[in-house]
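J.: heads up, no residue letters with this:
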C-alpha cells in the first residue's frame, strides 16, 4: 500500500512538472545565411546594375519561419556603408520549413553620381514570424558581409581639357592651310606695303 501511495505521488509530481504528455516540448528559432563575404571579383561602374552572387538562407529552427532579408550598416567597417537602396532581392521574404534552405538572388544598382571606392554593409536574414513568448518577441538574425568596390569614374578622352586645346589648335592650323591653298590656286595675291 505504501508503494502505491509513493507511485501515485511520483506520478502526480511528474504530471505537474512535465505536463500531461509526459515531456516538455520546446520549439527552437534559428536562421542561417551564407558565411562567405558577398562580393564581386571586379569593380562595378557607377550607373550600373549588376547581379551579385546569390545568398543561401536556411531555417535552422524546429518550426516553419518567414525569413526577411535586409541590408544593414556594419558597425566595424572603416568603409562607407552600402545603402539599402542599392540592393534588391529576388524575394525580400522567404517562407522556409524546419531545416529548409533556399538561394535568393541579389542585385546591385549603383547610382551614376556615386564616388568610386569601397563600400561595405551586412546582408541580414531575420525570422519574421513575430511569435511572442511571455511578452517578449522571439526571433533570430544571421548576417554576412557585403563588400562592393565602385570604379572611379574617368573623364572620356574627348572631354579632357588638353585634348580640347590640341583639337582647337589643329582645327585653326587646318583652316589657315586650307585658306592659303585656296588663295594660291585662285591666283589671288596679297601684297603688303609699308608706308612711311
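T.: Sure thing, it's come through. Computed from a predicted model, the values in this text were never measured in an experiment.
J.: CA atoms for contacts and neighbours, from now on please.
T.: Noted.
J.: could I get the average pLDDT for stretch 32-40?
T.: What stretch 32-40 shows for mean pLDDT is 88.
J.: go through it and flag the buried ones.
T.: Along stretch 32-40, these residues count as buried under the neighbour rule (16 or more other C-alpha atoms under 10 Å): 32-34, 38.
J.: again with stretch 88-98
T.: Along stretch 88-98, these residues count as buried under the neighbour rule (16+ other C-alpha under 10 Å): 88-89, 93-98.
J.: still on that earlier bit, adding secondary structure as columns, could you present the buried residues of stretch 32-40 in a markdown table?
T.: Rendered in a markdown table, the data for the buried residues of stretch 32-40 read as follows (DSSP: H, G, I helix; E, B strand; the rest coil):
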| residue | secondary structure |
| --- | --- |
| 32 | strand |
| 33 | strand |
| 34 | coil |
| 38 | strand |
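J.: ok so, going back, as TSV, the buried residues of stretch 88-98 with pLDDT and distance to residue 68 would be great.
T.: As requested, the buried residues of stretch 88-98 are exported to TSV (pLDDT from 0 to 100; distance: C-alpha to C-alpha, whole Å):
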residue	pLDDT	distance to residue 68
88	95	12
89	95	10
93	93	4
94	93	7
95	93	9
96	93	11
97	93	14
98	92	16
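J.: which members of those residues occur in strands, if any?
T.: Mapping the buried residues of stretch 88-98 onto strands (DSSP state E) picks out 88-89, 93-96.
J.: nearest to residue 49 among the residues you listed?
T.: Taking C-alpha to C-alpha as the measure, residue 49 sits nearest to residue 88 out of those, at 10.4 Å.
J.: surely that closest one touches residue 106?
T.: Yes - between residue 88 and residue 106 there is a contact at 5.9 Å, judged by C-alpha atoms under 8 Å.
J.: just the mean pLDDT for the longest helix along the chain, thanks.
T.: Determined from DSSP state H, the single longest helix within the chain is helix 161-186. Across helix 161-186, the average pLDDT comes to 79.
J.: which strands or helices does it pack on?
T.: In this structure, helix 161-186 makes packing contacts with no helix or strand, judged by 3 or more C-alpha pairs under 8 Å, 6 or more residues apart in numbering; DSSP states H and E.
J.: ok, back up a step: can you lay out the buried residues of stretch 32-40 as JSON lines showing distance to residue 55?
T.: What follows is those, written out as JSON lines (distance: C-alpha to C-alpha, whole Å):
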{"residue": "32", "distance to residue 55": "10"}
{"residue": "33", "distance to residue 55": "7"}
{"residue": "34", "distance to residue 55": "6"}
{"residue": "38", "distance to residue 55": "8"}
